[in-house]
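Colleague: What shape does this take:
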Amino acid sequence: MSREKGNLAEDRAYSFLQESGFSIIERNFYSRFGEIDIIAIKDKVLHFVEVKSALDYELAIQNITPKKLSKLIKTGDIYLKKNGLNMDYAYDALIVTPMKIWHLENITI
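Modeller: Just a heads-up that it's a prediction; the model follows:
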């Protein structure tokens, strides 16, 4: 997927989260392990959000591999330590297709 398409999907995800009551803290946080697309907070829970897009749900969800999830978790740990945060958190995925957005909360390997 092109970076431009990825940015459009992230923009849609950003709007979706705001409309769902999330406050966006940061976008595109990088560590040596990888990137977190969106970091948001809702109800005192910090959410590390991976955005995946494709023409359909199945194609997008296949891109969340155990390796990708491991990098997301390591990067989230770095974010928490870097910012001295001690709070509840979750790793989420937003699956973005042309017709719909799915919010998968608290994903695990």
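Colleague: rest of the way, CA atoms for contacts and neighbours
Modeller: Fine.
Colleague: Secondary structure class of the most centrally placed residue in the chain, three-state.
Modeller: Residue closest to the average C-alpha location in the chain (C-alpha atoms, centre = their mean): Val49, at 1.7 Å. Secondary structure for Val49, judged by DSSP: H, G, I helix; E, B strand; the rest coil, is strand.
Colleague: Look up which residues are beta-bridged to it.
Modeller: Beta-bridge partners recorded for Val49 (DSSP bridges): Ile38, Asp92.
Colleague: Next one: it, what pLDDT does it get?
Modeller: pLDDT, Val49: 97.
Colleague: That one touches Ile41, doesn't it?
Modeller: No: Val49 is beyond contact range of Ile41, at 10.4 Å (criterion: C-alpha atoms under 8 Å).
Colleague: helices and strands around the one helix or strand Lys52 maps to, which ones?
Modeller: Element membership of Lys52, judged by DSSP states H and E, is strand 45-53. Other helices and strands packing on strand 45-53, by 3 or more C-alpha pairs under 8 Å, 6 or more residues apart in numbering; DSSP states H and E, are helix 3-19, strand 35-42, helix 57-61, helix 66-82, strand 89-96.
Colleague: Contacts for it, please.
Modeller: 6, 9-10, 13, 36-41, 60-61, 63-64, 72, 76, 87-97 (C-alpha atoms under 8 Å, 6 or more residues apart in numbering).
Colleague: buried set for that strand?
Modeller: Leu46, His47, Phe48, Val49, Glu50, Val51, Lys52, Ser53 (16 or more other C-alpha atoms under 10 Å).
Colleague: Over to stretch 11-22?
Modeller: Arg12, Ala13, Tyr14, Phe16, Leu17, Phe22.
Colleague: Which pLDDT value belongs to the last one?
Modeller: What that stands for is Phe22. So Phe22 comes in at 98 (pLDDT).
Colleague: same question, the first one
Modeller: Residue-level confidence at Arg12 comes out at 95, pLDDT.
Colleague: Now for the residue nearest to it when sequence neighbours are not counted, how many residues are close by?
Modeller: Computed as C-alpha to C-alpha, 6 or more residues apart in numbering, the closest residue to Arg12 that is not its neighbour in sequence is Val96, at 7.8 Å. Residues lying near Val96 (other C-alpha atoms under 10 Å) number 25.
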